[in-house]
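*Asks:* Mind folding the following:
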Amino acid sequence: MENTNEMPNKLDDRFQHSAPARDMLEKGAILQRDGTYAIAPHIPGGIITDPELLVRIANVAKKYNCPAIKVTSSQRIAIVGLKEEDIDAAWKDLDMIPGAAIGLCVRSVKFCPGTTFCKRGQQDSVGLGTEIDRRYHGMTLPSKFKISVSGCPNKCMDAMMIDFGIMGTPKGFTVYVGGNGGLNPRFGEKLAEHQTSEQVLQILDRTVNFYKKEARTNERLGKFIDRLGFDRYRQEVLDETTVH
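*Replies:* Predicted structure coming up:
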């Protein structure tokens, strides 16, 4: 496998990370309180099928005397406490790409076990989440943008508290848009029901294109929808094949 220590997206000049002097966006390194850095390799959906990958991560943490390995809320495993001079060598040893944990881009694409593993799964969240991750992880956008796929109405991936949330039901997927946490949390609004995986991807494609074209820098999707109006947004991203 060819090694790379760069983020998988190219930066758009319009959208710049707010703290470039502290975090190291191009290397996926996040400054810690003590002046060291944390790195988080990209692990789509947090699913690891080869135990040797866990061994490799552990060996890197041990080799560079890192004090902690942290399982993150974004389904990643962060290696915490790297010295700045060790970051490049650590990525080379890992032979993995960074997770998009910082910057104005598509951050985490979280997905639950769905029908692949979970007895409660009603839709294939792993299949859909993997495809979304392949298309969008790390893509530069006007603000951070989070996506999640839940395989059933339990919404264990917080479909209503994320920019683009997808929830499985026996009749297909329900799409919620505009949610976020933070200091001013916002529930997402229901956009469409009973969608196939292909229809969800169409809606997401149109949402990303419209958002990238019209949104302001650092304007989360929910605020973007509030500014333009839900009806206009809905008209831009839905067509006769997706309306239910």
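
*Asks:* Give me the contact list for the biggest helix by length in the chain.
*Replies:* Counting by DSSP state H, the longest helix found in the chain is helix 197-214. By Cβ atoms under 8 Å, 6 or more residues apart in numbering, the surrounding residues in contact with helix 197-214 are 123-124, 127-128, 131-132, 135-136, 139, 141-142, 145, 147, 164, 166, 172-173, 175, 177, 191-192, 195, 221, 224, 228, 233, 236-239, 241-242. Just so you know, the C-beta spots here come from the backbone N, C-alpha and C atoms, and that holds for glycine as well.

*Asks:* again, only using 6 Å
*Replies:* Helix 197-214 is contacted by residues Leu128, Leu141, Ile166, Phe173, Val175, Glu236, Val237, Thr242 when judged by Cβ atoms under 6 Å, 6 or more residues apart in numbering.

*Asks:* any idea of the mean pLDDT for that helix?
*Replies:* The average of the pLDDT scores along helix 197-214 is 97.

*Asks:* Show me the contacts of helix 197-214 that map onto helices.
*Replies:* Taking DSSP H, the ones among the contacts of helix 197-214 that sit in helices are Leu128, Glu236, Val237.

*Asks:* mind giving me the domain ranges of this structure?
*Replies:* Split into domains by automatic domain parsing, the chain comes to 25-94, 106-237.

*Asks:* so the residue nearest to the spatial centre of the chain, which of the three states?
*Replies:* Of all residues in the chain, the one closest to the mean position by Cα atoms, centre = their mean is Ser108, 1.6 Å from it. In three-state terms, and counting by DSSP: H, G, I helix; E, B strand; the rest coil, Ser108 is strand.

*Asks:* Which residues are in contact with it?
*Replies:* Listed by Cβ under 6 Å, 6+ apart, the contact partners of Ser108 are Ser74, Lys146.
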